[in-house]
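A.B. asks: Could you work out the structure for the sequence below:
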Amino acid sequence: MDYQQALTYLYERLPMFQRVGAVAFKKDLGNTVRLLEALGNPQNNFKSVHVAGTNGKGSSAHALASILQSAGYKTGLYTSPHLKEFTERIRINGGEVSQDFVGQFVSQHQGLIEAINPSFFEVTVAMAFKYFASEEVDIAIIETGLGGRLDSTNVIDPLVSLITMIGYDHADLLGNTLPAIAAEKAGIIKPGRPVVIGANQPDLLSVFKAKAREVGAPLKTMDKMRVVTGDHGVFHQNFEVSEPGEPAMEYRTDITANYFLKNIPGVLGVVHELRGLGFTIEKEAIKQGFAQIKSQTGLKGRWQMISQSPLVVADVSHNEPGVAQLLEQVSLVPRRRLHLIIGMVRDKDISGVLKLLPKEATYYFTQSSVPRSLPAVDLRLQAEVLGLLGDRFINVNQALKEAEKNAHSDDFILICGSTFVVAEIEHL
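C.D. replies: Here you go, the predicted structure:
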């Protein structure tokens with residue numbers, strides 16, 4: 001089968017969490033293990049870094065891939081979900097996996113897929129690991145999908161693990177307290193392998209320390225590192241990094257979201273660990289890596305500017321901690337009026353996010369085409385209870401056209417709330 005036939009087969013046959021929710025979440029690694037054993041355990045044939053967390057794991061994974069690529073390493077990158085095209089999930093040095101490989105993989109292993117009946121994500125993980133092994137990458141950055149302990153990616157033995165900020169998300173599957181969620185993320189900590197705790201969350205540190213002690217893993221915290229923002233432009237921001245006893249270093253990044261700076265300590269902590277393991281990563285490679293994350297890895301949807309007059313920004317932030325950080329940056333943008341286009345999914349408690357949103361904005365409630373999407377009419381009703389007023393639209397592009405029609409040239413239009421809403425923007 002060709003690429004489109006392969007995608008149709010995967011989408012129609014296999015449960016996909018992004019589309020149908022919890023029914024697609026498999027609470028064990030059995031299917032993944034069986035798939036990989038049948039493929040010759042390709043995950044054992046390349047070195048890797050494993051990244052988990054509630055917020056920041058995607059952009060941290062892209063930053064690490066960009067730095068390693070800048071240092072001259074053939075670098076794989078596995079992330080999810082995709083925004084525009086399935087092939088975005090699997091990359092080497094920024095280049096997406098070929099559509100031919102996807103079609104051939106599904107065709108060749110159709111019998112195996114039907115015998116095991118895995119989820120969409122489990123097949124995608126197996127495909128990525130087979131691709132990285134066959135292309136003989138020097139190292140691959142592997143982002144978890146959901147959680148950590150039972151995530152399909154958690155079959156690798158990484159050189160180092162990174163855990164980013166922990167927040168409330170997927171509480172129905174991961175636990176309804178931050179320590180419970182942290183314990184699930186801590187499941188990626190492996191015996192004897194160093195783990196970097198990127199965020200400074202003192203109340204959760206004991207969870208990670210306990211897991212690290214249990215499996216004999218060296219644990220590194222980054223709470224002594226300071227990151228200070230500098231000049232901020234439309235397409236870049238500068239920042240300075242300092243540690244006790246070390247000279248301050250200045251960097252520039254093409255990720256203009258202020259909240260990205262919270263991920264810098266974790267990223268640099270992993271770089272330090274990789275250097276200790278024999279990787280040659282010079283300061284210039286780090287500078288180039290940070291400066292060209294978007295261009296070298298294809299990262300989208302993080303404070304991504306769609307147009308300038310009026311300013312239109314799309315951001316995939318969708319849970320409470322992510323939206324809180326996003327709104328913090330929104331507050332710094334000079335504007336006449338804020339127009340906020342938002343869509344959510346139906347299987348999450350969205351009340352916490354709605355309570356964060358500014359009442360003075362003009363709202364455009366919308367929805368995506370995936371089955372998990374919360375109908376715009378329902379979102380509007382929940383928002384109105386909190387004094388958030390606006391009209392509803394059946395898709396994000398209709399909402400954007402209306403917002404652009406209503407907006408003054410110096411207004412600000414923000415699109416957020418669901419990865420799937422952002423993904424359906426026509427000119428992303």
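
A.B. asks: Please, which helix or strand holds the residue nearest the centre of the chain?
C.D. replies: Centroid-nearest residue in the chain: Gly58, 2.8 Å away (criterion: Cα atoms, centre = their mean). Assessed by DSSP states H and E, Gly58 sits inside helix 57-70.

A.B. asks: Tell me who's in contact with the residue nearest to the centre of the chain.
C.D. replies: Contact partners of Gly58, counting by Cβ atoms under 8 Å, 6 or more residues apart in numbering, are 79, 143, 299, 302. The C-beta positions use only the backbone N, C-alpha and C, and glycine is treated the same way.

A.B. asks: Hmm, Gly103 and Gln5 touching each other?
C.D. replies: Yes. Using Cβ atoms under 8 Å, Gln5 is in contact with Gly103, at 7.0 Å.

A.B. asks: So for those two, which sits in the more crowded spot?
C.D. replies: Gly103 (18 against 12; other Cβ atoms under 10 Å).

A.B. asks: check which helix or strand covers the more buried one.
C.D. replies: Using DSSP H and E, Gly103 falls in helix 99-108.

A.B. asks: try Val207
C.D. replies: helix 202-215.

A.B. asks: Each with direction, which strands does the helix or strand that that helix is followed by pair with?
C.D. replies: Where DSSP H and E defines the elements, the next helix or strand beyond helix 202-215 is strand 219-221. Here strand 219-221 is paired, per DSSP bridges, with strand 195-197 (parallel).

A.B. asks: Now do the partner strand: distance to the chain's middle.
C.D. replies: Remark: strand 195-197 is offset 17 Å from the chain centroid, using Cα atoms, centre = their mean, to the nearest Å.

A.B. asks: Do me a favour and average the pLDDT over that strand.
C.D. replies: Strand 195-197 shows a mean pLDDT of 98.

A.B. asks: ok, and for it, which residues are buried?
C.D. replies: Buried residues in strand 195-197, defined by neighbour count with 16 or more other Cβ atoms under 10 Å: 195-197.

A.B. asks: what does it contact?
C.D. replies: 160-163, 188-189, 205, 208, 212, 217-222, 266, 269-270, 273.

A.B. asks: mind running it again at 6 Å?
C.D. replies: 161-163, 189, 208, 217, 219-221, 266, 269-270 (Cβ atoms under 6 Å, 6 or more residues apart in numbering).

A.B. asks: okay if I get those as TSV plus distance to Val330 and neighbour count?
C.D. replies: Formatted as TSV, these follow (distance: Cβ to Cβ, whole Å; neighbours: other Cβ atoms under 10 Å):
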residue	distance to Val330	neighbour count
Ser161	32	31
Leu162	27	31
Ile163	27	32
Ile189	35	27
Phe208	31	22
Ala217	38	19
Leu219	35	17
Lys220	33	17
Thr221	30	19
Gly266	24	28
Gly269	29	21
Val270	29	28
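
A.B. asks: Just give me the closest of the residues you listed to Val51.
C.D. replies: Leu162 (4.7 Å; Cβ to Cβ).

A.B. asks: Check the secondary structure at the closest one for me.
C.D. replies: Recorded secondary structure, Leu162: strand (DSSP: H, G, I helix; E, B strand; the rest coil).

A.B. asks: Got the confidence number for it?
C.D. replies: The model's pLDDT for Leu162 equals 98.

A.B. asks: ok now do it, which residues does it touch?
C.D. replies: 51, 196, 198, 266, 270.

A.B. asks: Leu64 too?
C.D. replies: Neighbouring residues of Leu64 by Cβ under 6 Å, 6+ apart: 141, 267, 270.

A.B. asks: Show the backbone phi and psi for the closest residue to it other than its chain neighbours.
C.D. replies: Nearest non-adjacent residue to Leu64, counting by Cβ to Cβ, 6 or more residues apart in numbering: Ile141, 5.0 Å away. Ile141 adopts backbone torsions of phi -100, psi 120, taken as degrees, to the nearest 10.

A.B. asks: Pairing-wise in the sheet, spell out the partners of Ile141.
C.D. replies: Val49, Leu77.

A.B. asks: That one against Leu77, yeah?
C.D. replies: Yes. If you go by Cβ atoms under 6 Å, Ile141 and Leu77 touch, sitting 5.1 Å apart.

A.B. asks: what's the overlap in contacts for these two?
C.D. replies: With Cβ under 6 Å, 6+ apart as the test, Ile141 and Leu77 both reach Ala65.

A.B. asks: Specify which residue of the two has the higher count of neighbours.
C.D. replies: Neighbour count, other Cβ under 10 Å: between Ile141 and Leu77, Leu77 has more, with 32 against 29.

A.B. asks: pretty sure that one is touching Ile92, no?
C.D. replies: No. Between Leu77 and Ile92 there is no contact under Cβ under 6 Å: 7.5 Å.

A.B. asks: Any stretches of the stretch 201-350 of the chain with poor pLDDT?
C.D. replies: Residues of the stretch 201-350 of the chain meeting the criterion pLDDT under 70: 234.

A.B. asks: so what strands line up beside the host helix or strand of Arg252?
C.D. replies: For Arg252, the host element (DSSP H and E) is strand 249-253. Within its sheet, and counting by DSSP bridges, strand 249-253 is paired with strand 237-242 (antiparallel).

A.B. asks: Cool, thanks, signing off.
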